[in-house]
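Participant: here's my sequence, what's the structure:
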Amino acid sequence: MRPSTWTLRRRLVLGILGLLAAASVIVGLVSVLALRGFLMDRLDAQLASATGRTQLATNGQMGDAPAPDVPGGGFATLRFGVQGPYTVTGVVVGEAARAGVVTESGDIQFLDEERSNALLAVPSTGEPVTVDLGGELGEYRAAGDELPGGVVVVTALPLSDVDDTVSQLVWVVIAVALAVLAAAALAGRAVVRLALRPLERVAATASAVADLPLARGEVDLAHRVGAADADPATEVGRVGAAFNRMLDHVASALAARQESENKVRRFVADASHELRTPLASIRGYAELTRRAGHDLPDDVVHSLGRVESEAVRMTSLVEDLLLLARLDEGRDLERREVDLSRLLIDAVSDATVAGPDHVWSLDLPEEPVAVTGDDGRLRQVVANLLANARTHTPAGTEVTVGLAVESDAAVITVADDGPGIAEDLAPRLFERFARGDSSRSRTAGSTGLGLAIVRAVVEGHGGTVVVESVPGSTVFTVRLPRE
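Facilitator: Purely as a prediction, here's the structure:
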């Protein structure tokens, strides 16, 4: 998972742990270096004392310096006897060296030539240096002093105690740091979760608002961030207060929009209702005059026919507008059992007569499928979909009407193999006055209310309608709840 996708809680906890880990590393490193420096200083002090004892013992007992290859003798015994266990002392003469180490029992164990020669690198200035004697002896802290006659006496103390103590401290620091980080992870997660609760409540309010159907219809935008989470004294409070102000503005805008929509709907409903009577009168008088048997000129008869047909067309448009206005108000839908199988058979039969130049087919299940709804409006839904397929596809197009049952819903499909729907039209296909053809002629164009009525009726039944279209295949799918 990329860090950019981490939650704020995870980032804060990991940030805290990162800072603690860095602090632990710095503190541990400083502690280890300080302790090692202290132990090295103390070891150098002990080495200075051991070197002094070697010099006193040597000056008090030695006349002439022995040859470096002398394995024992009084000088060697005296020189080693004054030192503690694991102390290495040696004699360097020219390019040769001879050394031994004091064992735990106080005996002297002489070193081989290779380890003795390691003392050749020790300067005779008295300054401590670190040498590696190899094997079980390991590293030593050594200092050399030059005696009369050009003989250098070297004294060395083991670094094993220093290394063991530093190593133990390192492991203690690591263990403590891991324990602290584990405890900090648990405590930090709890603290961060507690600190982010106000932000979570603000996010919950935002999610609740986002789930509201704000696109259309009357919206009750009652959600607000609580007063405790809208305190401007805190960062989250400022966010909550700003969110509340935004919701107030949105609520005002939605209320104004809804009021405007209600006015338009009332106007459309009232206008449609009032236009029905004069349109019926116009149509009636035109038909009466045309059929009265008067000897009228041909152009007058033609004009009366056009007046009558336009009155019929206008009446249909007014009826559609009035139906949409009533559906917007949640009215004009009955509730009774509707046999969809019979409904589709009748609709396809009508479409075959209305569009004989198309190929119509029907795919029904063996058992009848019924839903609860308004028989007349559901017939209008199917009729509009079939009319849409007939109007906007060329002759010879095959239109298939299907019916199926999926879970607790009845699914009606109207599919054709026509040229498809323009890509820019598909998102607004079910909007009012949306037309696939910009023409307003009665033969090519349409009012654009047919599919809007389809969606309004289907949603009034608690269902959904969608369309999927590519060149050569267009499918309208209507899902209606069976209960």
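Participant: okay, and residue 241 sits in which element?
Facilitator: Residue 241 belongs to helix 235-291 when assigned by DSSP states H and E.
Participant: report the buried residues of the next helix or strand after that helix.
Facilitator: Once the chain leaves helix 235-291, the next helix or strand it forms, by DSSP H and E, is helix 298-328. By neighbour count, and taking 16 or more other CB atoms under 10 Å as the criterion, the buried residues in helix 298-328 are 304, 307-308, 311, 314-315, 318, 320-328. Using the backbone N, CA and C atoms, a C-beta is placed for each residue, glycine as well.
Participant: and stretch 390-403, by the same measure?
Facilitator: 390, 392, 393, 397, 399, 400, 401, 402, 403.
Participant: in the sheet, who's paired with the fifth one?
Facilitator: The one in question is residue 399. Applying DSSP bridges to residue 399 gives these bridge partners: residue 360, residue 416.
Participant: in the stretch 301-450 of the chain, where is pLDDT below threshold?
Facilitator: Within the stretch 301-450 of the chain, the stretches falling below the threshold (pLDDT under 70) are 329-332, 434-447.
Participant: the stretch 301-450 of the chain: strands as residue ranges?
Facilitator: Per DSSP state E, counting those that start in this stretch, the stretch 301-450 of the chain has strands spanning 336-339, 359-363, 370-373, 398-406, 409-416. These are given in chain order.
Participant: can I get the ones you listed in CSV including distance to residue 483?
Facilitator: Conversion of those to CSV gives the following (distance: least, CB to CB, whole Å):
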stretch, distance to residue 483
strand 336-339, 11
strand 359-363, 24
strand 370-373, 6
strand 398-406, 12
strand 409-416, 10
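Participant: nearest to residue 467, out of those strands?
Facilitator: Using CB to CB as the criterion, the shortest distance between residue 467 and those is 9.5 Å, found for strand 409-416.
Participant: just the helices in this protein please.
Facilitator: In the chain, the helices defined using DSSP state H lie at 8-61, 74-81, 113-117, 160-210, 235-291, 298-328, 340-354, 375-391, 450-460.
Participant: how about these, which one is nearest residue 470?
Facilitator: For the helices of the chain, proximity to residue 470 was assessed by CB to CB; helix 375-391 is nearest, at 15.4 Å.
Participant: who's in contact with the closest one?
Facilitator: The list of residues contacting helix 375-391 from outside it, by CB atoms under 8 Å, 6 or more residues apart in numbering, reads 332-334, 336, 338, 340, 343-344, 346-348, 350-351, 354-355, 358, 371, 397, 399, 401, 412, 414, 416, 418, 446, 450-451, 453-454, 457-458, 460-461, 474, 476, 478, 480.
Participant: residue 345 is in contact with residue 401, correct?
Facilitator: No. Using CB atoms under 8 Å, residue 401 is not in contact with residue 345, being 9.4 Å away.
Participant: next, show the common contact partners of those two.
Facilitator: Overlap between the neighbourhoods of residue 401 and residue 345 consists of residue 362, taking contacts as CB under 8 Å, 6+ apart.
Participant: okay, residue 168: pLDDT?
Facilitator: Turning to residue 168, the model gives it a pLDDT of 93.
Participant: could you number the chain from 864 rather than 1 from now on?
Facilitator: New numbering, starting at 864: the last item is residue 1031.
Participant: from the contact counts, what lies against the helix holding residue 1104?
Facilitator: Using 3 or more CB pairs under 8 Å, 6 or more residues apart in numbering; DSSP states H and E as the contact criterion, the secondary-structure elements in contact with helix 1098-1154 are helix 1023-1073, helix 1161-1191.
Participant: from the chain's centroid, how far away is the last one?
Facilitator: Put plainly, it is helix 1161-1191. In terms of CA atoms, centre = their mean, to the nearest Å, the centre of helix 1161-1191 is found 55 Å from the chain centre.
Participant: that helix packs against which elements?
Facilitator: Using 3+ CB pairs under 8 Å, 6+ apart, helix 1161-1191 sits against helix 1098-1154, helix 1313-1323.
Participant: nearest to residue 981, of those helices?
Facilitator: Between residue 981 and those, the shortest gap by CB to CB is with helix 1098-1154, which sits at 65.9 Å.
Participant: what mean pLDDT does that closest one get?
Facilitator: This predicted structure assigns helix 1098-1154 an average pLDDT of 81.
Participant: low pLDDT regions in the stretch 864-1013 of the chain?
Facilitator: Low-confidence segments of the stretch 864-1013 of the chain (pLDDT under 70): 864, 918-945.
Participant: in space, what's closest to residue 1117 - neighbours in sequence excluded?
Facilitator: Nearest residue to residue 1117, sequence neighbours excluded (CB to CB, 6 or more residues apart in numbering): residue 1082, at 5.0 Å.
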